[in-house]
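Student: Structure of the sequence below:
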Amino acid sequence: MALMWWPVAVLGVLCLLGTVALAVLIPTRRSPGDGLALANTIRLSRLPEYRAVLAARTRSTAMVLAVLVVLFGATVVASARPSTTTQDADSGEDIMLCVAEPATSEATGRFLSYFARQAGSYSVTRIGLTSPNRRVVPLTRDYQFAAERFGDYAQISQNPSAPPPAQPLTVPVEYTDYAPTVADVLALCLNGFPGFPAAGETDRSVLYLGPGELRAPGDDRPSLFTDAQVADMARDAGVRIDALATAGRPTGALAAAAEQTGGLFLRYDPAAVTGQLDQIRAAQQARGAEEQRTDAPVVVLIAALMLTALLGISLLAVRR
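Tutor: You can find the predicted model right below:
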């Protein structure tokens with residue numbers, strides 16, 4: 001439990017200490033009748049009945065003072081607004097799946113099957129899917145639609161005899177004066193966020209699956225974007241790039257893009273892909289989790305009410 005207005009608590013402690021100091025240091029004023037001499041006071045004060053009454057009065061006075069101090073403390077704490085902090089793990093995030101692997105790849109099937117299962121657990125998260133040349137699923141909160149599309153594309157590698165989806169994951173395109181790169185694919189995925197290239201109000205993540213390079217060795221045709229440009233675009237738009245790189249191609253540029261945007265870079269492992277995706281999603285949710293601070297006065301107020309009731313009973317006992 002934390003206090004939102006902790007100076008109030010400090011002021012209350014100072015007031016309590018000041019009150020105790022004044023009670024100790026300031027002499028008690030006596031009334032004219034207090035100084036009258038009485039005979040046989042020593043004998044009277046030695047009587048068991050007198051001592052019992054005096055002890056009972058001392059105990060009751062001490063109890064009342066203790067209750068008053070604790071009640072004062074509870075009142076000060078309640079005035080300082082006790083609060084608790086909670087983590088909202090699904091506070092709103094946008095996830096763009098960026099698949100550069102072929103639709104027939106086993107990695108693609110495992111990757112999309114994972115998110116087909118996960119989509120039903122989201123509440124405010126938006127999720128989408130982009131391939132090297134298509135926006136397959138725009139960012140959406142229609143989780144049933146997204147899960148069905150992911151499942152359809154996952155079946156291509158898992159069940160080759162199944163009928164292909166109405167819309168393919170990628171379409172074959174040949175270029176003469178251009179060769180796509182990983183940077184170009186990432187740029188296409190980044191453009192799937194609403195309001196890009198400006199930063200958004202929600203946390204944004206691109207989760208890339210594919211090789212570290214798309215071009216054949218020695219291909220020097222121009223591309224649209226460089227690795228540095230894509231990293232700058234992602235940082236300016238507040239997008240985190242996480243990468244799951246398949247084997248067979250160099251991955252230095254892809255790993256650098258993930259590192260520069262605060263994301264994770266992992267090498268695809270067929271035997272541990274679920275754990276790898278869990279690790280990436282946990283890191284994304286930790287980034288997007290919002291710490292919410294809310295008032296929590298219930299315990300303190302209940303304690304104050306109980307102390308008030310106890311004080312009333314104590315005063316009745318003292319009067320009797």
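Student: Going by C-alpha atoms from here, please, whenever you check contacts or count neighbours.
Tutor: Will do.
Student: quick one: contacts for residue 264?
Tutor: Listed by Cα atoms under 8 Å, 6 or more residues apart in numbering, the contact set of residue 264 reads 241-243, 258, 280.
Student: how close does it sit to residue 214?
Tutor: With the distance defined as Cα to Cα, to the nearest Å, residue 264 ends up 20 Å from residue 214.
Student: Need the contacts of residue 264 in JSON lines (columns: secondary structure and neighbour count).
Tutor: Shown next, in JSON lines, are the contacts of residue 264 (DSSP: H, G, I helix; E, B strand; the rest coil; neighbours: other Cα atoms under 10 Å):
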{"residue": "241", "secondary structure": "strand", "neighbour count": "29"}
{"residue": "242", "secondary structure": "strand", "neighbour count": "29"}
{"residue": "243", "secondary structure": "strand", "neighbour count": "28"}
{"residue": "258", "secondary structure": "helix", "neighbour count": "23"}
{"residue": "280", "secondary structure": "helix", "neighbour count": "20"}
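Student: Check the secondary structure at the closest residue in space to residue 132 that isn't next to it in sequence for me.
Tutor: The shortest distance from residue 132 to any non-neighbouring residue, by Cα to Cα, 6 or more residues apart in numbering, is to residue 185 (5.2 Å). Secondary structure of residue 185, reduced to three states by DSSP: H, G, I helix; E, B strand; the rest coil: helix.
Student: One more: residue 173?
Tutor: coil.
Student: any chance you could read off phi and psi for it?
Tutor: Backbone torsions of residue 173, given as degrees, to the nearest 10, read phi -130, psi 130.
Student: For it, list the residues it contacts.
Tutor: Here residue 173 is in contact with no residues (criterion: Cα under 8 Å, 6+ apart).
Student: Local confidence estimate at it?
Tutor: Here, the pLDDT recorded for residue 173 equals 84.
Student: picking that back up, tell me which two in the contacts of residue 264 are the farthest apart.
Tutor: The span of the contacts of residue 264, defined through Cα to Cα, is set by 258 and 280 at 11.6 Å.
Student: hey, what's in contact with both of these two?
Tutor: 242, 264.
Student: residue ranges of the strands in this structure, please?
Tutor: 2-3, 82-88, 93-99, 126-131, 134-140, 203-210, 239-245, 265-267, 290-295 (DSSP state E).
Student: these two touch, right, the residue nearest to residue 132 and residue 129?
Tutor: No - Residue 185 sits out of contact with residue 129 when judged by Cα atoms under 8 Å, with a separation of 11.9 Å.
Student: so where do the helices sit in the stretch 151-300 of the chain?
Tutor: Using DSSP state H, counting those that start in this stretch, the helices of the stretch 151-300 of the chain run over residues 182-190, 227-236, 252-260, 273-288, 298-319.
Student: Point out the most buried one among those.
Tutor: helix 182-190 (a mean of 23; mean count of other Cα atoms under 10 Å).
Student: measure residue 131 to residue 151 for me?
Tutor: In terms of Cα to Cα, residue 131 sits 15 Å off from residue 151.
Student: Equivalent analysis for residue 308, please.
Tutor: Residue 308 is 63 Å from residue 151, by Cα to Cα.
Student: what is in contact with residue 185 and residue 129 at once?
Tutor: In contact with both residue 185 and residue 129: residue 98, using Cα under 8 Å, 6+ apart.
Student: For the longest helix that the chain contains, buried residues please.
Tutor: Counting residues, the longest helix in the chain under DSSP state H turns out to be helix 48-79. Within helix 48-79, the residues that count as buried by 16 or more other Cα atoms under 10 Å are 60, 63-64, 67-68, 71-79.
Student: what two of those residues have the greatest distance between them?
Tutor: 60 and 79 (28.2 Å).
Student: so residue 249 touches residue 211, yeah?
Tutor: Yes - using Cα under 8 Å, residue 249 is in contact with residue 211, at 5.9 Å.
Student: if you count what's nearby, which of these two comes out ahead?
Tutor: Neighbours per residue, other Cα atoms under 10 Å: of residue 249 and residue 211, the larger number sits with residue 211, 23 against 15.
Student: OK, contacts around that one?
Tutor: Contacts of residue 211 by Cα under 8 Å, 6+ apart are 100-101, 245-251.
Student: Please apply the same query to residue 150.
Tutor: 112-113, 115-116.
Student: Using a markdown table, lay out the residues you listed together with distance to residue 138 and neighbour count.
Tutor: Output for the contacts of residue 150, formatted as a markdown table (distance: Cα to Cα, whole Å; neighbours: other Cα atoms under 10 Å):
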| residue | distance to residue 138 | neighbour count |
| --- | --- | --- |
| 112 | 15 | 22 |
| 113 | 18 | 21 |
| 115 | 15 | 18 |
| 116 | 15 | 21 |
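Student: just these now: which is nearest residue 235?
Tutor: residue 115 (24.9 Å).
Student: what does the model give the closest one for pLDDT?
Tutor: You'll see residue 115 listed with a pLDDT of 94.
Student: go on, residue 319?
Tutor: At residue 319, the model reports a pLDDT of 58.
Student: ok, back up a step: let me know the closest of the contacts of residue 264 to residue 5.
Tutor: Closest approach to residue 5 among those (Cα to Cα): residue 280, at 37.7 Å.
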